[in-house]
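>>> Quick one, fold the following:
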Amino acid sequence: MSSLVAERYLTGFIIDGACLKYCQEAQANGAQCIYLPSLTQTWASSGNCNYLHSKVVPYISGREINQLQWLITPIHINDNHWGLLCLNMVSCQAFFDDGLKVNPPLNICDIIQALVEVIHLSMSKQSLPPQPPWNISLPIQRFGMPVQPLSGEGCGSCGMGVILAAKDFMNIGQATIPHFKWLFKDMKDHRQRLLYQFVEWK
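Got it, this is the predicted structure:
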């Protein structure tokens with residue numbers, strides 16, 4: 001819990017804990033979304049589709065792939081920053097963004113391609129018709145995450161930005177990009193609310 005205080009960096013464990021709970025709540029309200037944990041980036045980088053599929057099966061099992069709207073996963077950048085990768089399952093389009101507007105990892109297209117292959121594999125296992133082809137190329141379109149300041153409140157809140165953006169995507173209830181009403185300058189309040197929610201979930 002101490003990592004939720006002030007401007008401390010959030011680990012993938014904290015991001016996953018919050019986002020998986022938000023995803024569970026959104027799905028209970030009818031949202032057609034899937035959140036994949038932060039380790040997905042490492043799993044996808046293995047280059048082994050079957051291995052990646054085995055890792056994400058617990059998160060996609062029981063979901064009708066052809067009804068999904070968003071597949072969301074955090075992306076770690078330069079070992080010190082978080083961004084968010086969002087796959088629009090309706091338009092077959094990938095979006096990425098982060099608060100500092102830095103370049104995504106060099107292998108971002110490979111990660112997306114690996115996830116698309118897992119989607120196709122899952123659809124074949126469910127005897128569903130294949131999706132239209134995805135156009136995966138750089139630059140990956142940004143979805144408009146609020147801008148993170150370089151100093152002051154919010155400057156170290158990239159992980160919180162990922163949590164809040166992921167929550168908005170999961171709660172929008174349609175395959176469109178949400179309008180983000182939160183700002184990095186208010187992260188003290190957002191962190192406090194998340195801390196209270198972790199206590200309630202516990």
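>>> Secondary structure element for Leu121, which one?
Mapping Leu121 onto the secondary structure by DSSP states H and E places it in helix 108-125.
>>> Figure out how far the least confident helix or strand in the chain by mean pLDDT is from the centre of its chain.
Here the helix or strand of the chain ranked lowest by mean pLDDT, DSSP states H and E is helix 187-201, holding a mean of 88. Averaged C-alpha coordinates place helix 187-201 at 19 Å from its chain's average position (CA atoms, centre = their mean, to the nearest Å).
>>> Touching stretch 163-182 from outside, list them.
Counting by CB atoms under 8 Å, 6 or more residues apart in numbering, stretch 163-182 makes contact with 10, 15, 18-19, 22-23, 26, 29-31, 33, 35, 69-70, 72, 74, 84, 86, 88-91, 95, 97, 143-146, 190, 194, all of which sit outside it. (Glycine included, C-beta is placed from N, CA and C.)
>>> Between its first and last residues, what's the separation in it?
The separation between the terminal residues of stretch 163-182, taken as CA to CA, to the nearest Å, is 11 Å.
>>> Buried ones in that stretch, by neighbour count?
Using 16 or more other CB atoms under 10 Å as the burial criterion, the residues of stretch 163-182 that qualify are 163-170, 172, 175, 177-178, 180, 182.
>>> Then stretch 81-90?
For stretch 81-90, the neighbour count (16+ other CB under 10 Å) marks His81, Trp82, Gly83, Leu84, Leu85, Cys86, Leu87, Asn88, Met89 as buried.
>>> If we only consider those residues, which is nearest to Val199?
Distances from Val199 to those, taken as CB to CB, are shortest for Trp82 (23.1 Å).
>>> quick one: secondary structure of the closest one?
Applying DSSP: H, G, I helix; E, B strand; the rest coil to Trp82 yields a three-state assignment of strand.
>>> mind checking pLDDT for it?
In the prediction, the pLDDT value recorded for Trp82 is 97.
>>> Same question for Ile65.
In this prediction, Ile65 carries a pLDDT score of 86.
>>> correct me, but it touches Gln126?
Yes - if you go by CB atoms under 8 Å, Ile65 and Gln126 touch, sitting 6.0 Å apart.
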